[in-house]
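In: Quick one, what's the 3D model for this:
(2 chains)
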Amino acid sequence: MTRKQKRTLMLIGGLVFLGVATGLILYALRDTLVFFYTPSEMSEKLAEHEITPGARLRLGGLVEKGSVKLMDDGVIRFTITDTAKSVPVTFKGILPDLFREGQGVVAEGRLQSDGTFVADTVLAKHDEKYMPREVADALKKRGLWEHASKQQNAAPTAAAASGSY
Amino acid sequence: MIVELGHYALVLALAVSIYQTVVPIYGAHVGNPRLMELAAPAAGVQFLLISFSFAALIHAYVTSDFSVLNVWQNSHTAKPFIYKITGTWANHEGSMLLWVFVLSLFTLAVAAFSGNLPQSLKARVLGVQGAIASAFLFYIVAVSSPFVRIPEGRVPLEGQGMNPLLQDPALAAHPPMLYAGYVGFSVAFAFAIAALLEGKVDSAWGRWVRPWTLAAWTFLTAGIALGSFWAYYELGWGGWWFWDPVENASFMPWLAGTALLHSAIVVEKRNALKTWTVLLALVAFSFSLIGTFLVRSGVLSSVHAFATDPERGTFILAILALFIGGSLFLYATRAHVLKLEGSFEPISREGALVMNNVLLSAATAAVFIGTIYPLVYEAATGGGKITVGEPYFNMTFGALIFPLLILLPIGPLLAWKRGNLRMVLGRLKVAALLAALVALAVALALGAGVGAALGIAVGAWVFFGAWEEWAGRVMLFRAPMNVVMKRIRTMPGHLWAMTLAHAGVGLVVLGAIISTTWKGEVIMAMQPGQKVQIAGYEVVYKGMQQATGPNYLAERGTFEIFKDGRLIATDFSEKRTFLGRRGMPTTEVALLHRPLGDLYIAIGDKSPMGRTVRIYFEPMIYFLWLGALMMVFGGIIGLADRRFRVGIAERTESKVAAQAAE
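Out: Numbering: from 1, shown residues only, chains lettered A, B, ... in the order given. As a prediction, this is how the structure comes out:
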């Protein structure tokens, strides 16, 4: 083989590989994406037939106060709400440390045809500001957001901003 | 006063770094040796100034000076001393200061250990390092100063405390390690830019870049392993890798850096793959910058996103655009001046290293796309949210890394230029046989599916295959024992380095597959005295007590663990609530290390039926940490050996210089 032929061969091999890798990535992306919705968005998408029951998705919002119940079979029931709409959720397992009524949560699982959301993962993982970012953004959009740590920090931060150092 | 001096030193450091950028690079451009000489002293002064500034902040933390806003927000008088120190970098502002401190340390090291570099190259390398420092120092001084004071009269008596999850020994060492890795790639980056400016890359360039790349890679490997270890025992979910954006942020530079480590060998040994290696050096550091950006900007939500601020993100994004865009532009316009490379057959050591690079680059790209896709989607759809989860990463990364693992033992045995594949496969017969036996034994004993058995076979293949080169060198089983021992003692360090690092990869693969496939899990509500069986152990929950630590209150669950009816351990799992930041409990797991794996117990919340308890059995999980340790150890041995070889480079280089002078 001449140098030029070798070069061409390597180039073709490289392109084929690039094609295969791209195909793999696109296939995996299409198949494994999980969409995030708030309860209101979910009902909109259901109405528009963009999602059907059984689809895997993430549901985020606040855990409705007084809604958390432990059933005899170890299943936990609670309601995720964005104050406009609410969705009943069931989950079997241990809730994360930061799961609290009235605070933000993300549940991943499947929506059943009876409107119940069966979660297999419940995430309350977030920073010290107590709110998963998706939930915070969704709530901000609806004007319900109150920055918990802002009130806490308010006095000294404002003071620092006005004062010199 | 010290705080103000620290701030002042930082501003001075900014001025010095600008000087360090402009003067030597201009000097190299016009060929003025006196201007070029100024780079090294400037690097020294910059290091002193930044060290002083960093020390000033640590001092403020240690003395709990709550008149400093940053200290008040992140510290607490009751915090143990060690976390007062590490608290300095467990927040945004402090960690950026740590970043530039590590950068100045690397720059100083380059200035100190590169006396043998051609003067213009050294001046340009230090100049580029200065430019990176200028950008980050400007960022700190302009929008992210850790030295902001709270005015007198409003100074709080007590701080808000440090994020309790971060009060942990592994996580105390994690950021400095990780940053040393990120920032270490800046040296390869600076060498690449300097080479583009000089228009010259030769095997000497490869020889200079390799030790710096290896150092950065070793730190980054250690940093990632520590982070993963921490996530395993501190987050209380029993997992060690979540394909979380922040984890990916450190994994991408690692993948690109691993590729660079290998392609730089080809530059040094064969004077080939030069433009590609220069590009990889640019890419590896670009991913380090992206890593910093992803973690620090808050654009991606993450389990580990502790300090986030989108406004600063915009600033870091500008730095990112400047360095990545600028360097790629320079590459596009200047890469053609690097002379074309030597040729080789596809089946050769070079060919294998090219495959290594192709597969690692594709894997990096797959991780990158999965990490930023949610961002792109959100921007494109005006706020739509999606998650790219573990299935995506397992599918793409798995598919791309599988062929790499198959090739891993073969590559080092191939000859340069033209290799004999049949002969190499012949040498690897023993490794293949051992791998098949291990996979078969595990599959029969534990009942594995095809996928798991294949995974174990590949892991064992990498582990045993890695030793073939070593075994050939020491004439294992082919020479008398004393000869073998002598050969083991005199084997060059770089061969030990490669063998250990490659075998470490095999162990990590084995640990990952075994621990996920045969993980035992019991989640239930337990009453005191209740028993549960898992993986041949009997765990008895004894009940809860109150406990107090230096800066936290805890509920402590006691567990007795029995094996074959015999008590083997009593262990505790705690739920801790820290002072300062109320209501943020953390879980302290009970970890019992056994020969076949870890028994992992984490208590949850109270429930009407008792205390919820999570018990996992993580088989062979320590293979992961052992494998990572072997990789790091290999890196350290390689560095020790390389120092010796840098010495050789010095002589040949000075000879070249002498010839040039004649």
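
In: My guess is A:L57 contacts A:T38. True?
Out: No. Contact between A:L57 and A:T38 fails when scored by CB atoms under 8 Å: they sit 11.1 Å apart. Any C-beta I mention is one placed from the backbone N, CA and C, and that applies to glycine too.

In: Looking at the two, which is more packed in?
Out: Between A:L57 and A:T38, counted using other CB atoms under 10 Å in any protein chain shown, A:T38 has the larger neighbour count: 27 against 22.

In: Chain A contacts on the stretch 401-550 of chain B?
Out: Taking CB under 8 Å from any CB of the partner chain as the test, the list of the stretch 401-550 of chain B residues beside chain A reads B:I523, B:M524, B:A525.

In: let's go with 6 Å and repeat that
Out: For the stretch 401-550 of chain B, the residues in contact with chain A (CB under 6 Å from any CB of the partner chain) are B:I523.

In: which residues of the stretch 401-550 of chain B fall in strands?
Out: B:520-526, B:531-534, B:537-548 (DSSP state E, counting those that start in this stretch).

In: List the buried residues of the first one.
Out: Of the residues in strand B:520-526, those scored as buried under the neighbour-count criterion (16 or more other CB atoms under 10 Å in any protein chain shown) are B:G520, B:V522, B:M524, B:A525, B:M526.

In: Relative to A:A84, which of those residues is nearest.
Out: B:A525 (34.1 Å; CB to CB).

In: can you pull up the bridge partners for the closest one?
Out: Counting by DSSP bridges, B:A525 forms beta bridges with B:T612.

In: got the contact list for it?
Out: The neighbours of B:A525, taking CB atoms under 6 Å, 6 or more residues apart in numbering or on different chains as the test, are B:S607, B:M609, B:G610, B:T612.

In: The third one and B:Q527 touch, don't they?
Out: So the one you mean is B:G610. Yes. B:G610 is within contact range of B:Q527, at 4.3 Å (criterion: CB atoms under 6 Å).

In: center of chain B - which residue?
Out: B:L220 (2.5 Å; CA atoms, centre = their mean).

In: quick check, it in a helix?
Out: Yes. Counting by DSSP: H, G, I helix; E, B strand; the rest coil, B:L220 is found in a helix.

In: which non-adjacent residue is nearest it?
Out: B:G181 (2.6 Å; CB to CB, 6 or more residues apart in numbering or on different chains).

In: Any figure for the gap between that neighbour and chain A?
Out: 24 Å (CB to the nearest CB, to the nearest Å).

In: Residue 20: what secondary structure?
Out: I'll assume chain A. Here A:V20 is recorded as helix under three-state DSSP.

In: neighbours around it, how many?
Out: Counted by other CB under 10 Å, the residues lying close to A:V20 total 13.

In: Break the chain into its domains for me.
Out: If you meant another chain, say so; for now it's chain A. Using automatic domain parsing, the domains assigned to chain A come out as A:1-33, A:35-146.

In: switch to chain B, that's the one I care about
Out: If you go by automatic domain parsing, chain B breaks into B:1-167, B:520-622.

In: ok, of those domains, where does mean pLDDT dip lowest?
Out: When those are ranked by mean pLDDT, domain B:520-622 comes last with a mean of 87.

In: Taking the stretch 501-650 of chain B, what residue is nearest to chain A?
Out: B:G604 (4.2 Å; CB to the nearest CB).

In: State whether that residue is indeed within a helix.
Out: No. Applying three-state DSSP, one finds B:G604 to be strand, outside a helix.

In: wait, it sits on B:G610?
Out: No. The pair B:G604 / B:G610 is not scored as a contact, 10.4 Å apart, by CB under 6 Å.

In: who's more crowded, those two?
Out: For the pair B:G604 and B:G610, the greater number of neighbours falls to B:G604 (24 against 14), based on other CB under 10 Å.

In: Contacts only, for the nearest residue to that one once chain neighbours are set aside.
Out: Excluding the flanking residues, the one nearest B:G604 by CB to CB, 6+ apart is B:T612, at 3.6 Å. Residues in contact with B:T612 (CB under 6 Å, 6+ apart) are A:I94, B:A525, B:G604, B:D605.

In: Below-threshold pLDDT in chain A: ranges please.
Out: Residues of chain A meeting the criterion pLDDT under 70: A:1, A:3, A:97, A:125-165.

In: where exactly do the strands run in it?
Out: Using DSSP state E, the strands assigned to chain A run over residues A:33-37, A:56-63, A:69-70, A:75-81, A:86-92, A:104-111, A:117-123.

In: Return the most buried member of those strands.
Out: strand A:56-63 (a mean of 24; mean count of other CB atoms under 10 Å in any protein chain shown).

In: ok, residues contacting stretch B:530-543?
Out: Under CB under 6 Å, 6+ apart, the answer for stretch B:530-543 is B:520, B:522, B:526, B:528, B:558-563, B:599, B:615, B:617.

In: Could you dump the residues you listed into JSON lines and include distance to B:A535?
Out: What follows is the contacts of stretch B:530-543, written out as JSON lines (distance: CB to CB, whole Å):
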{"residue": "B:G520", "distance to B:A535": "4"}
{"residue": "B:V522", "distance to B:A535": "9"}
{"residue": "B:M526", "distance to B:A535": "17"}
{"residue": "B:P528", "distance to B:A535": "23"}
{"residue": "B:T558", "distance to B:A535": "20"}
{"residue": "B:F559", "distance to B:A535": "15"}
{"residue": "B:E560", "distance to B:A535": "16"}
{"residue": "B:I561", "distance to B:A535": "11"}
{"residue": "B:F562", "distance to B:A535": "12"}
{"residue": "B:K563", "distance to B:A535": "10"}
{"residue": "B:L599", "distance to B:A535": "8"}
{"residue": "B:I615", "distance to B:A535": "9"}
{"residue": "B:F617", "distance to B:A535": "4"}
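
In: Write the ChimeraX selection for whichever of those residues are buried.
Out: Selecting only the buried entries of the contacts of stretch B:530-543 in ChimeraX, with 16+ other CB under 10 Å as the criterion:
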select /B:520,522,526,558,559,561,599,615,617
